[in-house]
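Engineer: With the input below, show me the fold.
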Amino acid sequence: MASRGRPAAVVELTESERHTLERWSRRHSTAQSLSLRSKIVLGCADGLANNEIAADLRCSAATVSKWRRRFVTDRIKGLADQPRSGAPRTITDDIVEAVIIDTLETTPGADTHWSTRGMAAKHGISRESVGRIWRAFGLTPHVVDEFKISPDPLLVEKIRDIVGLYMSPPLNAACFAVDEKPQIQALNRTAPILPMLPTTPKRQSHDYVRNGTIDLFAAMDLATGEVITDLRPDHTAKEFIRFLNKINRNVPNELEVHLVLDNLSTHKTPEVHRWLLRHKRFHLHFTPTYGSWMNLVERWFSALTTKKLRYSSHDNVKELTADITDWIHHWNENPKPFVWHKTADEILERLGRYCEQINPPQ
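Structural biologist: Below is the predicted model of the structure:
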């Protein structure tokens, strides 16, 4: 008996299309739906009827007919899923605007800032929705950044001097960021530290015993990231001069030496001035008052703290010294310099914008 209905569309494949469909149908990583569609089109191209393909692939004849027509119309790209509209929005632009305005301009009663639960209760939405709105607009009511404006009368000159040294160092010179990390404590917990386990973090007692302190001097080469260090019982001017002598021994005689320092009184004593008069190749660059964040060696101290000191335990200063020395040795085997990106103009422009906010023109 002759078949009824419209005749099935004829599928003819180019060599490239057949290669792509065969690859999709065989690959295990291909989505199962795309693999099935590829096999349907290959069957159609081989001249099989819809019912035969459906029986062979264990799907309905309607499915075969659908993907036959889709391929004939749109070719390979027609086998991909069409974008779907998704669920209709339940939160209107007015609600989003109200959440933003309340976050920026109001407080919830006696509290200092909104929580997701409080904001959700006020506007009748979920706290997850409030969180998504805050993330989309970069709002963090629970976060406060601290700052300190430098009163240094040479603020602009010092910023330009140090940033210029970082971003355009002088030729035939070695540049170092120098500072001390004082009073590093040899701490030991009052109970054994329990190791990390699946689903359980490493655990240690809250209280500890102090077993002495040590001071660390560090000079980080701005070009290579390699660090010259010295561990001393304190950080007096005498110890600082000893560290300057160590830097002097480690830098070839033909190079000038530029040091970025903070305004610690130890760095400015008469003894240090006399030492500098005897070592003309040394040039000191001081950060602005309250501007030690501009000293790149502080970033290295942060790495030492987070990667070694914060979770270490030591019974005495000797153990602490050996641990720090070993960590520094491994750092210098593969040093990584820290790169300064902000120009002096960008720093000063940002400072200027802040000053205009707190001191608006009358």
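
Engineer: can you tell me the distance between the two ends of stretch 332-346?
Structural biologist: 32 Å (C-alpha to C-alpha, to the nearest Å).

Engineer: Need the residues that contact it.
Structural biologist: The contact list for stretch 332-346, computed with C-beta atoms under 8 Å, 6 or more residues apart in numbering, reads 159-160, 163-164, 166-167, 220-227, 296, 299-300. For the C-beta atoms, the positions are set from N, CA and C on the backbone; glycine is no exception.

Engineer: Quick one, which of those are buried?
Structural biologist: The neighbour count (16 or more other C-beta atoms under 10 Å) marks 159, 163, 166, 220, 221, 222, 225, 226, 227, 296, 300 as buried among the contacts of stretch 332-346.

Engineer: Now tabulate those residues in TSV and tack on distance to residue 254 and pLDDT.
Structural biologist: Putting those into TSV (distance: C-beta to C-beta, whole Å; pLDDT from 0 to 100) gives the following:
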residue	distance to residue 254	pLDDT
159	30	94
163	26	95
166	23	95
220	21	96
221	16	96
222	18	95
225	22	95
226	19	96
227	22	97
296	24	95
300	26	95
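
Engineer: so can I have CSV of those residues showing secondary structure and distance to residue 48?
Structural biologist: Formatted as CSV, the buried ones among the contacts of stretch 332-346 follow (DSSP: H, G, I helix; E, B strand; the rest coil; distance: C-beta to C-beta, whole Å):
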residue, secondary structure, distance to residue 48
159, helix, 77
163, helix, 73
166, helix, 71
220, strand, 72
221, strand, 73
222, coil, 72
225, coil, 67
226, coil, 71
227, strand, 73
296, coil, 71
300, helix, 70
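
Engineer: Pick out whichever of those residues sits closest to residue 44.
Structural biologist: Nearest to residue 44, judged by C-beta to C-beta, of the buried ones among the contacts of stretch 332-346 is residue 225 at 62.8 Å.

Engineer: if I pick the closest one, what's in contact with it?
Structural biologist: Residue 225 makes contact with 335, 336, 337, 338, according to C-beta under 8 Å, 6+ apart.

Engineer: Give me the distance between it and residue 358.
Structural biologist: Residue 225 sits 37 Å away from residue 358, taking C-beta to C-beta, to the nearest Å as the criterion.

Engineer: repeat for residue 9
Structural biologist: Separation of residue 9 from residue 358 (C-beta to C-beta): 72 Å.

Engineer: Those two - which one has more neighbours?
Structural biologist: Counted by other C-beta atoms under 10 Å, residue 9 and residue 358 do not tie: residue 9 has more neighbours, with 12 against 7.

Engineer: in terms of contact, does that one touch residue 70 like I think?
Structural biologist: No - contact between residue 9 and residue 70 fails when scored by C-beta atoms under 8 Å: they sit 10.0 Å apart.

Engineer: Pull the residues that contact stretch 67-76.
Structural biologist: By C-beta under 8 Å, 6+ apart, stretch 67-76 touches 8-11, 17, 20-21, 37, 40-41, 44, 50, 78-79.

Engineer: Repeat that for stretch 305-320.
Structural biologist: So stretch 305-320 is contacted by 184-189, 193, 202, 204, 208, 211-214, 323-324, 327 (C-beta under 8 Å, 6+ apart).

Engineer: In strands, which of those residues appear?
Structural biologist: The strands, defined by DSSP state E, take in 184, 185, 186, 187, 188, 189, 208, 211, 212, 213, 214 from these.

Engineer: one step back: dump the contacts of residue 225 into CSV; add neighbour count as well.
Structural biologist: As requested, those are exported to CSV (neighbours: other C-beta atoms under 10 Å):
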residue, neighbour count
335, 13
336, 11
337, 14
338, 15
